[in-house]
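[1] can't give you the sequence, but here's the structure:
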């Protein structure tokens, strides 16, 4: 039917289809013995009143007026569905990008500094816990509850409603930004990470540095234990995403611990322990260990990107066109240690098996785990 009017466009096609359906179905089925030709088939008489058969015979599934009306609706609803998908994508990305900035602005009302008395950090004329400052705290608390914890809760509820259809194309187009990269049973972990941002920013508003660092230390240890227990990211690139998250939490924990050690040693007044706490070796360790942890994280992140883009392409090129590899590309392939292949071994007793004898122990563990 659409081939007769595809040139004028989808709107004209829909209008002509609607007019034809109304004309043919106003009195029920077409007159007996009458067959009307269409591109790709014909309309044949049907014993059912108000039913049209489009096809090559009367045994084809009938197309009722309701079904014809539904097809017209699907044609005209394709564009709005695409608009809704783009709107949802843009809203999620904007909320994700603006979330830490808005949270940082909302916690301004909680920030105080210890001068002659505790004063508001961004307006020293306002004394903390005064009437004006309490108004700031009330507005900041409402904003944090509604936006800081409301956005993760809304996203979790949305993902929960579609948790059984996460692999469908329409769901992945709309909400895939929130759960791509996580294992299927941990699709909601982006909401947990957003709550973690709120907690960390809130702890930074405490005026006492020791209390601030202690709360940060407990938070980093709690999320590290949670990560070790769940391993929420998928297993791509030999578990590179889970390793990156573990290295990030490790760097945070070591940095906070080093800062606590700096603060604690200032309170040591005994002669021997004071000399030991202020020794240059201790200073070197407290600075170098956090730097090494951060350098480890950055280097592993760069290596993961390089391995999963450049080296993966070169491995495929080596398998398909080895004669086209340049000298530099062959040198780069030496950095990829996991290039062994598993092969289909055939069937035995009705069961298929895979030959993994050429794989290393790490490759075998990754294959069985993934």
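    It's in. Small disclaimer: the values here were computed from a predicted structure and weren't measured.
[2] what about the strands in the stretch 51-200 of the chain?
    53-55, 112-114, 118-120, 123-127 (DSSP state E, counting those that start in this stretch).
[3] My reading is that residue 352 is in a strand; is that accurate?
    Yes: using DSSP: H, G, I helix; E, B strand; the rest coil, the secondary structure at residue 352 is a strand.
[4] The nearest residue to residue 113 once chain neighbours are set aside: neighbouring residues, count only.
    Closest residue in space to residue 113, ignoring its immediate chain neighbours: residue 121 at 4.9 Å, by C-beta to C-beta, 6 or more residues apart in numbering. The C-beta positions use only the backbone N, C-alpha and C, and glycine is treated the same way. The local packing of residue 121 (other C-beta atoms under 10 Å) involves 16 other residues.
[5] same deal with residue 204?
    14.
[6] The closest residue in space to it that isn't next to it in sequence: what secondary structure?
    Nearest residue to residue 204 in three dimensions, chain neighbours excluded: residue 212, at 6.3 Å (C-beta to C-beta, 6+ apart). Using three-state DSSP, the structure places residue 212 in helix.
[7] shouldn't residue 212 be in contact with residue 202?
    No: using C-beta atoms under 8 Å, residue 212 is not in contact with residue 202; the gap is 10.2 Å.
[8] can you confirm residue 357 is in a strand?
    No: looking at residue 357 with three-state DSSP, it is coil, so not inside a strand.
[9] list residues touching both of residue 212 and residue 202?
    Overlap of the contact sets of residue 212 and residue 202 (by C-beta atoms under 8 Å, 6 or more residues apart in numbering) is empty.
[10] mind listing what residue 347 touches?
    Counting by C-beta under 8 Å, 6+ apart, residue 347 has contacts residue 353.
[11] Which one, of the strands of the stretch 51-200 of the chain, ends up nearest to residue 259?
    When these are compared by C-beta to C-beta, strand 112-114 sits nearest residue 259, at 18.1 Å.
[12] Would you mind measuring from residue 139 to residue 198?
    The spacing between residue 139 and residue 198, counted by C-beta to C-beta, to the nearest Å, is 16 Å.
[13] that older thread, and the residue nearest to residue 204, how many neighbours?
    Residue 212, neighbours per other C-beta under 10 Å, totals 17.
[14] please renumber so the chain begins at 403
    With 403 as the first residue, the last one maps to residue 614.
[15] how much space is there between the nearest residue to residue 510 once chain neighbours are set aside and residue 613?
    Excluding its sequence neighbours, the residue lying closest to residue 510 (C-beta to C-beta, 6+ apart) is residue 524, at 5.8 Å. Per C-beta to C-beta, residue 524 is found 20 Å from residue 613.
[16] For this protein, just list every one of the helices.
    Per DSSP state H, the chain carries helices over the ranges 412-427, 467-478, 480-508, 533-545, 552-563, 571-581, 591-605, 611-632, 638-667, 673-679, 682-708, 714-722, 729-735, 763-771.
[17] Residue 746 is nearest to which of the ones you listed?
    Of all those, helix 763-771 sits nearest to residue 746, with 13.2 Å by C-beta to C-beta.
[18] any idea how far residue 710 is from residue 524?
    Applying C-beta to C-beta to residue 710 and residue 524 gives a distance of 43 Å.
[19] Residue 739 now?
    Relative to residue 524, and taking C-beta to C-beta, residue 739 is found at 53 Å.
[20] Lowest average pLDDT across the helices of the chain?
    Across those, helix 467-478 has the smallest mean pLDDT, namely a mean of 42.
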